[in-house]
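Enquirer: Need a 3D model of the following:
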Amino acid sequence: MLLKIIGQKVSEVIVGFTVTIRMGQSSEFELQIEGEIDLRLPTGDIHHVTAEKYADIQPELNAIVGSAVLAADADEVHGLVIDFESGNRITIPVDQDYEAWNVTGPDGYRVISLPGGELAFWSAKN
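Expert: Next comes the predicted model:
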């Protein structure tokens with residue numbers, strides 16, 4: 001499933017107990033990450049972190065601010081993969097026990113990776 005965040009520029013990254021990535025002119029899209037993250041840097045280096053270690057990659061995550069989303073694909077087996085024009089890639093694998101991530105946007109747009117990987121999608125507008 002291709003997500004509607006393709007083409008949106010990252011406006012803000014917030015790192016805490018979750019990672020929140022806001023995108024669009026008025027931050028109209030928001031990705032909240034609650035699961036593991038594989039962050040591939042433009043150099044090819046990969047950082048794998050769990051929720052307890054998000055702060056360890058905060059500088060690398062901050063580097064995507066201002067970068068547009070080139071690709072954003074989610075499925076029930078591989079999770080979510082996002083490519084940025086900066087050369088970074090974020091992969092959020094499926095979590096068997098928890099919601100790994102969710103995206104919200106305008107007009108009630110919402111996609112959630114449910115425990116086990118099933119994707120829930122809805123929008124107030126069709």
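
Enquirer: All the helices of the chain, in order from the start?
Expert: Under the criterion DSSP state H, the chain contains helices at 58-62.

Enquirer: Quick check, central residue of the chain?
Expert: Ranked by distance to the mean C-alpha position of the chain (Cα atoms, centre = their mean), the top residue is residue 31 at 4.9 Å.

Enquirer: Now do the same contact list for that one.
Expert: Listed by Cβ atoms under 8 Å, 6 or more residues apart in numbering, the contact set of residue 31 reads 5, 20-21, 23, 82, 101-103. No exception for glycine: its C-beta is placed from N, CA and C like everyone else's.

Enquirer: Any stretches of this protein with poor pLDDT?
Expert: By pLDDT under 70, the weakly predicted segments of the chain are 125-126.

Enquirer: one more time with 90
Expert: Counting by pLDDT under 90, the ranges of the chain that qualify are 25-26, 123-126.

Enquirer: That one: strands as residue ranges?
Expert: Taking DSSP state E as the test, the strands found in the chain are 10-15, 19-23, 29-33, 37-40, 46-49, 69-75, 79-84, 89-92, 101-104, 110-113, 119-122.

Enquirer: right, so of the ones you listed, which gets closest to residue 61?
Expert: Shortest distance between residue 61 and the strands of the chain, using Cβ to Cβ, is found for strand 10-15: 4.8 Å.
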